[in-house]
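Student: Here's my sequence, what's the structure:
(2 chains)
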Amino acid sequence: MTIRAPKDFWSGVMFIAFAATALLAARGYSLGAAGKMGPGYFPVMLGSVLALIGLILVVRSFVIDGDAITRIQILPLAIIAAAVVLFGLLLQPIGLVLSLALVTVASAFASRESKPLEVAALTCVLAAFAAGVFVYGLRLPLPLWPAMMG
Amino acid sequence: MDFLDTLSIGFGVALTLQNLGYCFLGVFLGTLVGVLPGIGPVTTVAMLLPISFTLPPVSAMILLAGIYYGAQYGGSTTAILVNIPGEASSVVTTIDGHQMARQGRAGPALGIAAIGSFFAGCVATLLICFAAPPLAAIALNFGPAEYFSLMVCGLIAAIVLARGSVVKAIGMVVLGLLLGIAGTDVNSGIRRFTFGFNGLADGIEFVALSMAIYGIAEVAFNLERKEGATDVTKKIGRVWPAWADIRHCIPAILRGTILGSLLGVLPGGGALLAAFGAYTLEKKVAKPPRNFGNGDIRGVAAPESANNAGAQTSFIPMLTLGIPSNPTMAMMIGALMIHGIAPGPRVMTERPELFWGVIASMWIGNLMLVVLNLPLVGMWVKLLRIPYRLLFPAIIGFCCIGAYVVNTNLFDIYVLAFFAVFGYLCLKLDCEPAPLILGFVLGPLMEENLRRALLISRGDPRVFIEEPISLAFLIAAALLLVVVAAPAIRKKREEALQE
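Tutor: As a prediction, the model looks like this:
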């Protein structure tokens, strides 16, 4: 048997994975009864429906032809996700200006078309803009500089 | 309440200097960001949400609404000038709009788009004034069973009108509902699906989720396409169309407005369906000589009027029932909730200044859009030349800041990263994110109404078919599913929704 609709197949797998996680986690929540729904009732209902839909997609993908998945480019996605995580890790210790600058530089690596000078200029503009608008303008509670500098 | 009374409340709120300022800011920022290549209205609203957090609720809604229709108009500008639709609803505008631009008539195309949009916006705003109060009055009598069935019907409609596979769309709705109920259960106090993370105790942050999907995942997806040299139209010409052009377009604008207003109320691709429908209708009924596909000005006027009317009337279900008809409306609901306002039929009676203020500001915003855009077109054209490589790091940066500042919670940034990867996979697998977002917003509401309905009926599920209104919603939902499953109509739908 060959998978004839890869997009459907993997969508189905994704739904089943989420459903399985939900159903496993929901084992600990009491179901209750229809007239007195417990915290597990609705999640188990949704999880079962989701699993069923995933199953339909998987089975159907062996029968009906569908689109192939265009090549997944891991690197840009990984760089971007890492840049976001980096921002989370560094915001408190080094402040908005530096962490935003790092995010900008790091995410620029996700595109082969980025040019060093442009990125440097963009970084300065964005950091200044964000500090001006979010911290000084909107007074959002964001640390501006590294903690030790007060 | 008397019609004039309500209008005066609305304009009293919307015409304060502060709110006029926010309305202007919203329209300006919305157009500015919406014009930037590769950034559509939903992304624009998601990215600019944080600006509204520190404002009072009325001003926040006025700002966001302004951003929404500003971005919508910005999308049309790119459609005409560079043949890149800002979002699906301006796809049809590219057909005749870009042809006009190539023939050196970009100015009149932009002008008629603005005029058509303004007219449609005025009509749709009036329609909201008349339709919203009776609708809210009906909705006030809804019990939990009616509400539950209404939500089922709304979600099914959103599925039917979404692009791509229906089965996948149902999966995305259910997944959205599941994600939506994560966090502390209000009834039992049990933490569901938090997997030991304290940061998930209040559930998955909606702002982080929507920014991840519409901001960051889109960036990752867009980066895979090679950035080609964009063919920006150089000559704009006179923006104000000749009187003959306007007169030529009046019937098209009227038809577009009526069709758009009706379709906009439906959940799902309101503005999208409106634009496609209006263009198809125009091709059939417009007075000859018809020149569609080769720069017929009516091919711009009709869909542009329709999508603006649709965008406007999609506020009706959001404001009166608390049910979002598209992802942007879901974000508005998210924004209202951040301000501690539960959207629904009570908003109109309990917060009339909010309700009517927002509606009055829509009309003012549409006026500003015309005044702002016609003279500023030259500036927007310059923005169109900004390459994507300079934009995407900015999108990522803004999303990071935005996700954090909602609750000043670092965990939300990690949520952002996780769902960015998830959103990218969804885009790769052709799983439309819009149904997921709608499901996410409705998840807790659906559970609560299901629980209450079954509590009242002592667990008897027949309550959903014994209440006539509830039954009507369920029948409508079933009909929609049957319609979409029928092969003949399915083919039509695929044709109609094809880009």
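Student: which ones are touching the nearest residue to A:Gly32 once chain neighbours are set aside?
Tutor: Excluding the flanking residues, the one nearest A:Gly32 by CB to CB, 6 or more residues apart in numbering or on different chains is A:Gly38, at 2.9 Å. For glycine as for every other residue, the C-beta is placed from the backbone atoms N, C-alpha and C. Applying CB atoms under 8 Å, 6 or more residues apart in numbering or on different chains to A:Gly38 gives the contacts A:29-32, B:188.
Student: Tell me how many other residues surround B:Gly199.
Tutor: Residues near B:Gly199, counting by other CB atoms under 10 Å in any protein chain shown, number 16.
Student: okay, it: pLDDT?
Tutor: B:Gly199 is assigned a pLDDT of 85 by the prediction.
Student: show me the contacts for it.
Tutor: B:409-412, B:414-415.
Student: ok, of those residues, which come out buried?
Tutor: Among the contacts of B:Gly199, those buried by neighbour count (16 or more other CB atoms under 10 Å in any protein chain shown) are B:409, B:411-412, B:414-415.
Student: any idea how far stretch B:203-211 is from the chain center?
Tutor: 17 Å (CA atoms, centre = their mean, to the nearest Å).
Student: That one vs chain A: in contact?
Tutor: No - against chain A, stretch B:203-211 shows no contacts by CB under 8 Å from any CB of the partner chain, the least distance being 10.0 Å.
Student: Tabulate the CA atom coordinates of that stretch in PDB.
Tutor: Extracted in PDB, the C-alpha atoms of stretch B:203-211 (Å, rounded to 0.1, in the frame of the first residue of the first chain):
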ATOM      1  CA  GLY B 203      -5.100  28.600  29.100                       C
ATOM      2  CA  ILE B 204      -3.200  29.200  25.900                       C
ATOM      3  CA  GLU B 205      -2.900  32.900  25.300                       C
ATOM      4  CA  PHE B 206      -5.000  33.800  22.300                       C
ATOM      5  CA  VAL B 207      -2.800  36.700  21.200                       C
ATOM      6  CA  ALA B 208       0.300  34.400  21.200                       C
ATOM      7  CA  LEU B 209      -1.600  31.800  19.300                       C
ATOM      8  CA  SER B 210      -2.800  34.100  16.600                       C
ATOM      9  CA  MET B 211       0.500  35.900  16.300                       C
END
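Student: contacts for it?
Tutor: B:42, B:46-47, B:49-50, B:179-184, B:327, B:330-331, B:334, B:337-338, B:399, B:402-403, B:406-407, B:409, B:412-413, B:415-416, B:419, B:437, B:440-441, B:444.
Student: C-alpha coordinates for the helix or strand hosting B:Phe440, PDB please?
Tutor: B:Phe440 is part of helix B:433-456 when elements are defined by DSSP states H and E. C-alpha atoms of helix B:433-456 as PDB (Å, rounded to 0.1, in the frame of the first residue of the first chain):
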ATOM      1  CA  PRO B 433      -5.900  28.000  10.300                       C
ATOM      2  CA  ALA B 434      -9.100  30.200  10.300                       C
ATOM      3  CA  PRO B 435     -11.400  27.400  11.500                       C
ATOM      4  CA  LEU B 436      -8.900  26.600  14.300                       C
ATOM      5  CA  ILE B 437      -8.900  30.200  15.500                       C
ATOM      6  CA  LEU B 438     -12.700  30.400  15.500                       C
ATOM      7  CA  GLY B 439     -12.900  27.100  17.400                       C
ATOM      8  CA  PHE B 440     -10.300  28.300  19.900                       C
ATOM      9  CA  VAL B 441     -12.400  31.400  20.700                       C
ATOM     10  CA  LEU B 442     -15.600  29.400  21.000                       C
ATOM     11  CA  GLY B 443     -14.200  26.400  22.900                       C
ATOM     12  CA  PRO B 444     -14.900  27.600  26.500                       C
ATOM     13  CA  LEU B 445     -18.300  29.100  25.500                       C
ATOM     14  CA  MET B 446     -19.400  25.900  23.800                       C
ATOM     15  CA  GLU B 447     -18.400  23.800  26.700                       C
ATOM     16  CA  GLU B 448     -20.200  26.000  29.200                       C
ATOM     17  CA  ASN B 449     -23.400  26.200  27.100                       C
ATOM     18  CA  LEU B 450     -23.400  22.400  26.500                       C
ATOM     19  CA  ARG B 451     -22.900  21.800  30.200                       C
ATOM     20  CA  ARG B 452     -25.800  24.200  31.200                       C
ATOM     21  CA  ALA B 453     -28.100  22.900  28.500                       C
ATOM     22  CA  LEU B 454     -27.600  19.300  29.600                       C
ATOM     23  CA  LEU B 455     -27.800  20.300  33.300                       C
ATOM     24  CA  ILE B 456     -31.200  21.800  32.800                       C
END
